[in-house]
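Enquirer: Need a 3D model of the sequence below.
(4 chains)
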There are 2 protein chains.
Amino acid sequence: MNNSLTLKDIAKALNLSISTISKSLNDSHEISIDTKKMVLEYAQKQHYSPNRLAKGLKEGKSRSIGVVVCSLDNNVIAQMLDGIDKFSTDKSYQIIIMQSKESPIQETACIELLYAGGVDGILISPACETVDFSYLQSLQDSGLPVVLFDRLSDQIETHKVGADNFKGAYDATIHLIKNGYKNIAHLNTNTILSIATERVNGYKQALADSNIPFRPELLRSCDYSDTQKLNADLEESIKYYMTLENKPDAIFTAADQISTKCLVLLNKLGFSIPGDIALIGFTNTDLAEAFSPSLSTVHQPAFEIGQLAAQKLISLIERKNHAPEFETIMLETNIKARSSSDFKTVN
Amino acid sequence: MNNSLTLKDIAKALNLSISTISKSLNDSHEISIDTKKMVLEYAQKQHYSPNRLAKGLKEGKSRSIGVVVCSLDNNVIAQMLDGIDKFSTDKSYQIIIMQSKESPIQETACIELLYAGGVDGILISPACETVDFSYLQSLQDSGLPVVLFDRLSDQIETHKVGADNFKGAYDATIHLIKNGYKNIAHLNTNTILSIATERVNGYKQALADSNIPFRPELLRSCDYSDTQKLNADLEESIKYYMTLENKPDAIFTAADQISTKCLVLLNKLGFSIPGDIALIGFTNTDLAEAFSPSLSTVHQPAFEIGQLAAQKLISLIERKNHAPEFETIMLETNIKARSSSDFKTVN
DNA sequence: CTGTTAGCGCTTTCAT
DNA sequence: ATGAAAGCGCTAACAG
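Expert: Numbers count the residues shown, from 1 in each chain, chains lettered A, B, ... in the order given. Here you go, the predicted model:
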C-alpha cells in the first residue's frame, strides 16, 4: 500500500480528535461550519484520500465489482467492458476483470477469487460450455448480487442483459432471403447457452416464415472452446457444405470468431463471395468493411449492454428496489449489409 | 461485501483463540500438527476465505495493481492486458483497469483514483498527448512502484517495457524498399511520446541506409486523440500525398488505427493497393489477412510486453532487488508481409 | 504450543 | 460542538 495521510495525522496537525475529522470530512451536521472548513481545507491541501480498505472493512463493502468474461482479446467483449467501465466509474465502483478463457473450471476459480476478494457483486458472461450455475446461484442465495450479460442462461434467476439474438438471427436470415438466397446454411457454436439456441430459432423462424423448408444438414456447430478445434471444425463444415449435391448459396454465422474466420477460409479455399456463396455473421468489428469482400454483419449494441448490466448490478447492490423483481433485457441488434451478401446474381 | 465466516467464528466453533486459528491457517511452526489439521479441515469444509480488505489493511498492501490504458477497445491493448492479467493472476494479484480515453486529464484522475484505492503499484501506457509525468513521478518518489509499458517516455525514470519501435519501423521501411518502392510516405501520430519519434527515426534510418533521400513532405502526422479528427487528418493526408507531382508509391503507417483506416480510405478513394500505392503498418489484428487486399503489418509481441511489464512491477512491489536498477526493455517486432506490399510491378 | 493484546484506518454510538 | 471508545477481520509481538 502506498497511502500515507490518515485521519489521525490530520487530527494531530489540527489539534482535534479523529472523530471530529471523520465527521467533518463526511459533512456531518454536528460539526461547526468553521471546523469543517478548516479540516476540509487542510485535507485538500495535503491531498488526503481515505483508505479504501479501511473504509470497506468498516462498512462491510468494497465498492468494487467483479467481472468475468471469456477473454479480453475480443471485440464485442471489449466494447461491453467499456460500457461496464463507464457506468461503474461514474458510480465510483472499481471493476476487477477476470478471464475464464472459455473454461468452466477456470471460471469457477475466478468467481471464488472475486468472492473471497470481497467484491460487492458479480457481472458475468459465462464460458460457452458452462452448464452448472449452482455455485453462482448459491452465492446469490447467500446475498451476493449477480447479473448475467451477453451470454444468458435459464439456469439461474437474476437480472440478465443481452442482445435480442432471436431477432438478430431472424433479421439476418431474412436479409439473405430477400437478396435472393434460398439455401441458407447456419454455423453456430456448440454451447448450451441460450444465446446459441435463440439464434438457431431465429434462423428457423425466418425460413419458416418464408416457406423455405429447414434442412438439418445445413445446420452445424463448431467447438468454440479452443482455437485449434474451431479452425478444424470450421474447415470441415465448409468443405462439407460445398460438397453437398444441393449445396448452400449462403451462410449465416452466429459468432464473432466464426464469422471472420469463415470469410478468411472461404477466400483461402478459392470460393468467391458472394458469387459462390454469400455470408453474413454476428461480429462487432468495424474492420468488417475493410474485408475482402466487405462483410455483412449483425451488430450488437455491446457498449449499451455493458452499461445496462452494470446499472442493474449496482442497483441490486444498493438495493434500490427491496424486493428485486428480476428482468431479462434484450437490446436490438442491427443488420449492416455489405458486399458479402449482395443481391444474388442469377447464373 | 459478501463474505461471512471469520476467524472469530472458527475460533468459537473450535474452542480455540483467534490467533491460534490465524497461525494455523498461515501454517505457523508454533502450532501443533493436530491443531493445524483440525483448523484447516474445518476452514475448508466451511469454505473460509480470508477477508482481503482486513488483510490488506493490516499488512499495508492490497495485492492489487492498477492498470491505466487509453482504451479497452483496441487489439494491441487487449493483448497486452491479457499478458498482464496472466502474470498478475499467477502471482495472486488482482488488476484494476482504468481507461484514459487518450485524455491526459482523465488519465490523472485514473491515477489518483487508483492511488487512493490503495493499489500496490501502477502499470501505465500513457495517453498520446500526455507530456507531464510529474504527478506520476511524485507518486513514485513517495514509494509507489510505477512501470511504463507500450508507450514509453523519457520524462520518468522507472522500468519500461515496450516494442523495439525503431527496429520495427526500420524493418518495415526496408521491406518496402526491397520490394521496389522508393517514394515512401510515413504517417504517424501527433504524440511526443518516444514511441512516435522512434518509429520516425527507424523510417529515416532505413531510407538513409538505402541511399534514398528523406523528403519532409512525405512525413505527416494525424491527431490521434479523437476519432473524428483522426479520420479527417487521414483523409487530408492521403489526398495531399496523391496530388503531389512526385507522389509516393508506398505508405508506412505507425499506429494501429491509422493502418486499418488508411486501407479502408485508400479503397474508398479508388486507389488500388499495392498497384497505385503499397501499404504496411503497425497493427496486431489477426484480421489483417482478411482485408482487401490482405494487409502487411508490423506485429508487436503484445502479450509478452504485458507479461513482462507485470513481472517488472511485481518485482518492484516485492522489492526482489533492493536498489532497483531501472531498465528499458524493448521486444522485437515482426514483419508479416502480405499482399498490400507485394513486389512493385513496373509500369 | 496456545492465548492475550494491540493496532492497521475508519465510522459510529455514546458521552461530555 | 467535540471527543472517547468500540469494533470491522486480520496479524504479530509478547506472555504464559
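Enquirer: pretty sure residue A:18 contacts residue A:8?
Expert: Yes. With contact defined as Cβ atoms under 8 Å, residue A:18 counts as touching residue A:8 (5.8 Å). Where C-beta positions appear, they are placed from N, C-alpha and C, glycine not excepted.
Enquirer: all helices in the stretch 151-300 of chain A, in order from the N-terminus.
Expert: Per DSSP state H, counting those that start in this stretch, the stretch 151-300 of chain A carries helices over the ranges A:165-178, A:194-209, A:227-243, A:256-268.
Enquirer: For DNA strand D, which of these is the nearest?
Expert: Proximity to DNA strand D (Cβ to the nearest atom of the strand) singles out helix A:194-209 among the helices of the stretch 151-300 of chain A, at 37.5 Å.
Enquirer: Show me which residues of the closest one are buried.
Expert: For helix A:194-209, a neighbour-count test (16 or more other Cβ atoms under 10 Å in any protein chain shown) marks A:194-196, A:198-200, A:202-207 as buried.
Enquirer: Contacts made by that helix with the rest, please.
Expert: A:128, A:150-154, A:162, A:165-174, A:177, A:184, A:186, A:188-190, A:213-214, A:219, A:221, A:252, A:254, A:282 (Cβ atoms under 8 Å, 6 or more residues apart in numbering or on different chains).
Enquirer: separation between whichever residue of the stretch 101-250 of chain A sits closest to DNA strand C and DNA strand D?
Expert: Scanning the stretch 101-250 of chain A for the residue nearest DNA strand C gives residue A:118, at 13.5 Å (criterion: Cβ to the nearest atom of the strand). Per Cβ to the nearest atom of the strand, to the nearest Å, residue A:118 is found 9 Å from DNA strand D.
Enquirer: Quick one: residues contacting the closest residue to residue A:123 other than its chain neighbours.
Expert: Spatially, and ignoring its direct neighbours in sequence, residue A:123 is nearest to residue A:67 (4.7 Å; Cβ to Cβ, 6 or more residues apart in numbering or on different chains). Remark: with contacts taken as Cβ under 8 Å, 6+ apart, residue A:67 is in contact with A:81, A:84, A:95-98, A:122-124.
Enquirer: what comes up buried for the worst-scoring helix or strand of chain A on mean pLDDT?
Expert: Using mean pLDDT, DSSP states H and E, helix A:52-59 stands out as the lowest-scoring helix or strand of chain A, at a mean of 85. For helix A:52-59, the neighbour count (16+ other Cβ under 10 Å) marks A:52-54, A:56-57 as buried.
Enquirer: Return the list of helices and strands in contact with that helix.
Expert: helix B:52-59 (3 or more Cβ pairs under 8 Å, 6 or more residues apart in numbering or on different chains; DSSP states H and E).
Enquirer: can you give me the helices in the stretch 1-150 of chain A?
Expert: Secondary structure of the stretch 1-150 of chain A (DSSP H, counting those that start in this stretch): helices located at A:7-14, A:18-25, A:33-45, A:52-59, A:75-90, A:104-116, A:134-141.
Enquirer: Quick check: which of those helices is buried the most?
Expert: Most buried of these by mean neighbour count (mean count of other Cβ atoms under 10 Å in any protein chain shown) is helix A:75-90; its value is a mean of 22.
Enquirer: With adjacent residues omitted, what lies nearest to the residue nearest to the spatial centre of chain A?
Expert: Of all residues in chain A, the one closest to the mean position by Cα atoms, centre = their mean is residue A:150, 4.0 Å from it. Excluding its sequence neighbours, the residue lying closest to residue A:150 (Cβ to Cβ, 6+ apart) is residue A:125, at 3.9 Å.
Enquirer: Next up, the contacts around that neighbour.
Expert: A:68-70, A:77, A:80, A:148-151.
Enquirer: Which two of the residues you listed have the greatest separation?
Expert: Greatest spatial distance in the contacts of residue A:125: A:77 and A:148, 14.1 Å, computed using Cβ to Cβ.
Enquirer: interface residues of chain A facing DNA strand D?
Expert: A:15-20, A:23, A:29-32, A:34-35, A:54, A:57-58, A:60 (Cβ under 7 Å from any atom of the strand).
Enquirer: Low-confidence ranges, the stretch 1-150 of chain A, go.
Expert: Along the stretch 1-150 of chain A, the parts satisfying pLDDT under 70 run over A:1-3.
Enquirer: picking up where we left off before, state the phi and psi torsions of the residue nearest to residue A:150.
Expert: When read as degrees, to the nearest 10, the backbone of residue A:125 gives phi -110, psi 100.
Enquirer: one step back: I'd like the buried residues of helix A:194-209 written out as TSV, with pLDDT and distance to residue A:308 added.
Expert: Formatted as TSV, those follow (pLDDT from 0 to 100; distance: Cβ to Cβ, whole Å):
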residue	pLDDT	distance to residue A:308
A:194	88	18
A:195	90	16
A:196	91	22
A:198	94	18
A:199	96	20
A:200	96	25
A:202	97	21
A:203	97	26
A:204	97	28
A:205	98	26
A:206	98	27
A:207	98	31
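Enquirer: mind giving me a markdown table with these and columns for distance to residue B:293?
Expert: Putting those into a markdown table (distance: Cβ to Cβ, whole Å) gives the following:
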| residue | distance to residue B:293 |
| --- | --- |
| A:194 | 39 |
| A:195 | 34 |
| A:196 | 34 |
| A:198 | 36 |
| A:199 | 32 |
| A:200 | 35 |
| A:202 | 34 |
| A:203 | 32 |
| A:204 | 37 |
| A:205 | 38 |
| A:206 | 34 |
| A:207 | 36 |
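Enquirer: So what's the residue count around the residue lying closest to residue A:223 once chain neighbours are set aside?
Expert: Spatial nearest neighbour of residue A:223, chain neighbours left out: residue A:229 (4.0 Å); criterion: Cβ to Cβ, 6+ apart. If you count neighbours by other Cβ atoms under 10 Å in any protein chain shown, residue A:229 ends up with 13.
Enquirer: pLDDT value on residue A:229, please?
Expert: Residue A:229 is assigned a pLDDT of 92 by the prediction.
Enquirer: ditto for residue A:346
Expert: As predicted, residue A:346 sits at a pLDDT of 68.
Enquirer: and the residue of chain A found nearest chain B, how far is that from DNA strand C?
Expert: For chain A and chain B, the shortest gap (Cβ to the nearest Cβ) falls at residue A:292, measuring 3.1 Å. Distance, residue A:292 to DNA strand C, by Cβ to the nearest atom of the strand: 58 Å.
Enquirer: Just give the number of residues close to the closest residue in space to that residue that isn't next to it in sequence.
Expert: Of all residues not flanking residue A:292 in the chain, residue B:292 sits nearest, at 3.1 Å (Cβ to Cβ, 6+ apart). Residue B:292 has 19 neighbours, counted by other Cβ under 10 Å.
Enquirer: if I look at residue B:292, how far off is residue A:289?
Expert: 10 Å (Cβ to Cβ, to the nearest Å).
Enquirer: try residue A:126
Expert: Distance from residue A:126 to residue A:289, by Cβ to Cβ: 31 Å.
Enquirer: quick one, which of the two is more surrounded?
Expert: Applying other Cβ under 10 Å to residue A:126 and residue A:289 shows that residue A:126 carries more neighbours, namely 27 against 18.
Enquirer: Let me see the contact set for the more buried one.
Expert: With Cβ under 8 Å, 6+ apart, residue A:126 has these contacts: A:68, A:100, A:107, A:133, A:148, A:151, A:153, A:193.
Enquirer: pretty sure residue A:250 is touching residue A:276, no?
Expert: No. If you go by Cβ under 8 Å, residue A:250 and residue A:276 don't touch, sitting 10.2 Å apart.
Enquirer: Just read off the phi/psi values of residue A:329.
Expert: According to degrees, to the nearest 10, residue A:329 has phi -110, psi 130.
Enquirer: For the residue nearest to the centre of chain A, give me phi and psi.
Expert: phi 70, psi -80.
Enquirer: Distance-wise, check it relative to DNA strand D.
Expert: For residue A:150, the distance to DNA strand D - Cβ to the nearest atom of the strand - is 33 Å.
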